[in-house]
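*Asks:* I'll drop the sequence and a predicted model, then ask my questions.
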Amino acid sequence: MYDPKLHFQFRQLLSEKENVKARQEYEAFSQRAFANLSRIKNLFTRLYGNQKNWETQYWLLMEDLIQTFIDRPVELRRQDMNREADRDWYLNEKLVGMMLYVDRFAGKLDDFESKVSYIKELGVNWIHLMPLLKSPEGSNDGGYAVSDYRAVDPKFGSMEELRRIADKLRGEDMLLTLDMVMNHTADEHEWAQKARSGDPYYQDFYYFFDNRSMPDWYEEGMPEVFPQSAPGNFTHIPELNKWVMTVFHNYQWDLNYRNPIVFREMMKILLFLANVGVDIIRLDAVAFTWKIPGSTSQNTEEAHVILQLMKACAEVVAPGFAFIAEAIVAPHEVIRYFGEGESYGHECEIAYNATFMALLWDAVASEDTTMLRKGAQAIPAKPDGTTWINYLRCHDDIGLGFDENILHELGKSPYHHKKYLVDYYSGNFKGSMALGAPFAFNPKTGDARISGSLAALAGLERAIKDNNSELIDLAIQKILMLHGIILSYGGLPMIYYGDEIGMGNDHSYLDDPDKSYDNRWMHRPIMDWNKADKRVDPASPEGRIYKGLQKLILLRKSSPEFADQNSLSIEDSGNPFVFSFLRWNYEGAKTLVLSNFTSSTHFVRTEHLSKLGFIPYDMRDKLSGSAPKFYHDLIEIPPYGQYWLTDKTTFDAFQAAEEMEALQSQFKWGV
Ligand code: OTU
């Protein structure tokens, strides 16, 4: 809707600041603003329209947008204009991510710079640096408790160094992701300290209560995130004799987004990070940002409006800046983070496919893909132009919230099945080779999640300890097969650092009182560079995984049908041990991915391929470069084996692309 007064006032604000030298960029900025102003106003009034000061706050927000645009470096403004014209920049098959902790992976930011070549050698071109903004010295939840959003923690280096790395990555056509911890600050943040010293202005930045009556009401509906290490959702502040809301740890104070000043402050920080040169921001704990007493206080309508408003503002200032929703919630809830109604496709462009990740682990433990197939098929369709992050492991635990209807249908009891998975991955089940551990056991609900590195959960760590070469082979196959899935499935693959060389659990956290209460640290290893050096030895487990993964990445990048055009169909292979899905693009390329989830050989009828329009005996497997193995009218898939099957035309184009890709993957910086 066109609102003449709104446009007039915005023009006024802008003209006071306008810099004639960048006329073209300002023109583009105003056009984007005019296209979005009424939506921004509408979203803002939905959250704050009932407050006395809403109009003042609204105009201050407009000024913030103009100021952050003025502050936006010119290269980024130009990049915005290109990206706006081509939204494919975050959807394409060339993108492969890795997430890592700067300190645990390399040391300081400087040291990290010298390790970028290692990452790039693998084929990764998108890096998620785990939290590195200033955070308290003791417990800080791996940096997810921020005390200053505008400073890099000195233990990593400086903001200047971060900016330099962002520039260098851009020069290498690599993308950068950082976290925006938007639900809470550290109790050492300036706002929290002022609140603690009694300042009511800053107490209003958080959820403060004089007694237990409101907190008790909230508690009725709110689950506990860390029932063992941080029970309850409130913390008593003795010097004030007040209660403050702390959904995560007691040192992470939940921000009160009912206060429009909090929204504005966080919006400015978000755009500040965009201006540092972050391409894709991971918005942490987005499901939690708006609390309603008596409810779970997750996935509230207002939590979505906050994101939609943030997106609308970012679309004006920095349209080449994408959002990842970190919402580890049920599929029908996750899907809402891509935007609904008038904001359809305009909330977060990217979300973690946590359900798919957990289903993969379910299939590994069960040696059966029925649940995986049904569960993945039940994930609702998402808007065009949005995409998933597909991953196997990350710094968090694996949650096991499966669709109970599907479990029932398969004759499984949700309670017993979850218990089976936790026991299996903790190595407490006969025949299990896993070395993980239960995380966040809640005696009240019987709920638990799983910790452990990929190599620990997949049985590699144990097989190496036992020096069992047959089991080592199987575990490596399994690890590559799983990576082959996230690299070909619809979305963006995100590799977890250390997994590329099969790093096992790291128990050193137990000696650190600021970490020992949280066993997620077991799968946040300190990188072992001697182990990484073995990647050049093709006979070592490290070499087999690294080389295998490197090849999978190269082949993904040469397969345009793996770009996410909402072009994924999960099929029934006719064999419960074999997971099957079809990928295609609108230029006619298509690939069928078949994966054997068991330690024995399995077969799929050629009929499965012909039904999908393929001519079975003409098909080629991209992974081996040859035809698949036939046995009469069956295709044979070895233990934990995988095929990327395609027709001859797609295959020929693919081989040409592969050569090109191999040529292009050279590293420029540092020369
Ligand atoms: C996120 O976690 C982070 O990934 C965790 O590392 C942090 O501890 C947490 O936020 C607090 O900042 O909020 O939307 O282990 O899956 O807490 C889900 C549980 C989150 C995590 C969950 C998650």
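*Replies:* Yep, it's here.
*Asks:* tell me the residues of the stretch 351-500 of the chain that contact the ligand?
*Replies:* Taking C-beta under 6 Å from any ligand atom as the contact definition, the stretch 351-500 of the chain meets the ligand at 395-397. Bear in mind the C-beta positions are built from the backbone N, C-alpha and C, glycine included.
*Asks:* tell me the contacts of the spatially most central residue of the chain?
*Replies:* Taking C-alpha atoms, centre = their mean as the criterion, residue 352 is the residue nearest the geometric centre of the chain, at 4.5 Å. Shown in contact with residue 352 (C-beta atoms under 8 Å, 6 or more residues apart in numbering): 324-328, 334, 388-389, 391, 394.
*Asks:* cool, residue 311 as well?
*Replies:* Neighbouring residues of residue 311 by C-beta under 8 Å, 6+ apart: 323, 339, 343, 346-348.
*Asks:* that one: what secondary structure?
*Replies:* What DSSP: H, G, I helix; E, B strand; the rest coil gives for residue 311 is helix.
*Asks:* how much space between it and the ligand?
*Replies:* Residue 311 is 18 Å from the ligand, where distance means C-beta to the nearest ligand atom, to the nearest Å.
*Asks:* any buried residues in the worst-scoring helix or strand of the chain on mean pLDDT, and which?
*Replies:* Lowest mean confidence among the helices and strands of the chain (mean pLDDT, DSSP states H and E): helix 4-17, at a mean of 84. With burial defined by 16 or more other C-beta atoms under 10 Å, the residues of helix 4-17 counted as buried are 6, 10, 13-14.
*Asks:* let's have those residues in CSV, adding distance to residue 487.
*Replies:* Shown next, in CSV, are these (distance: C-beta to C-beta, whole Å):
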residue, distance to residue 487
6, 46
10, 45
13, 47
14, 45
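*Asks:* keep only the residues you listed that also lie close to the ligand.
*Replies:* Within these, nothing lies near the ligand by C-beta under 6 Å from any ligand atom.
*Asks:* distance between the ends of stretch 155-162?
*Replies:* 13 Å (C-alpha to C-alpha, to the nearest Å).
*Asks:* from the contacts of residue 352, which ones fall inside strands?
*Replies:* Judged by DSSP state E, strands contain the following of those: 324-325, 388-389, 391.
*Asks:* how many other residues sit next to residue 283?
*Replies:* Using other C-beta atoms under 10 Å, residue 283 has 24 neighbouring residues.
*Asks:* same thing with the one 10 residues further on?
*Replies:* By other C-beta under 10 Å, 14 other residues sit near residue 293.
*Asks:* ok, it touching residue 221?
*Replies:* Yes. Applying C-beta atoms under 8 Å, one finds residue 293 in contact with residue 221, separated by 7.4 Å.
*Asks:* next up, the contacts around the residue in the stretch 201-350 of the chain positioned nearest to the ligand.
*Replies:* Residue nearest to the ligand within the stretch 201-350 of the chain: residue 285 (3.4 Å; C-beta to the nearest ligand atom). Counting by C-beta under 8 Å, 6+ apart, residue 285 makes contact with 181-184, 248, 326.
*Asks:* can you tell me which of those are buried?
*Replies:* 181-184, 248, 326.
*Asks:* now, which of those residues lie close to the ligand?
*Replies:* Among the buried ones among the contacts of residue 285, the residues within reach of the ligand (C-beta under 6 Å from any ligand atom) are 181, 248, 326.
*Asks:* pLDDT weak spots in this protein?
*Replies:* 1, 18-21, 670-671 (pLDDT under 70).
*Asks:* for residue 255, which non-adjacent residue is spatially closest?
*Replies:* residue 262 (5.3 Å; C-beta to C-beta, 6 or more residues apart in numbering).
*Asks:* what number of residues lie near that neighbour?
*Replies:* Neighbours of residue 262 under the rule other C-beta under 10 Å: 20.
*Asks:* what about the strands in the stretch 251-400 of the chain?
*Replies:* 252-254, 280-284, 322-325, 350-352, 387-391 (DSSP state E, counting those that start in this stretch).
*Asks:* which of those strands sits closest to residue 650?
*Replies:* Ranking the strands of the stretch 251-400 of the chain by proximity to residue 650 (C-beta to C-beta) places strand 387-391 first, at 21.5 Å.
*Asks:* so what's the residue lying closest to residue 610 once chain neighbours are set aside up against?
*Replies:* Leaving aside its chain neighbours, residue 610 sits nearest to residue 616 (5.8 Å; criterion: C-beta to C-beta, 6+ apart). Residue 616 is in contact with 606, 609-610, 630, 635, counting by C-beta under 8 Å, 6+ apart.
*Asks:* make it 10 Å
*Replies:* Residues near residue 616 by C-beta atoms under 10 Å, 6 or more residues apart in numbering: 605-610, 627-628, 630, 633, 635, 645.
*Asks:* cool, and residue 220?
*Replies:* 293-296.
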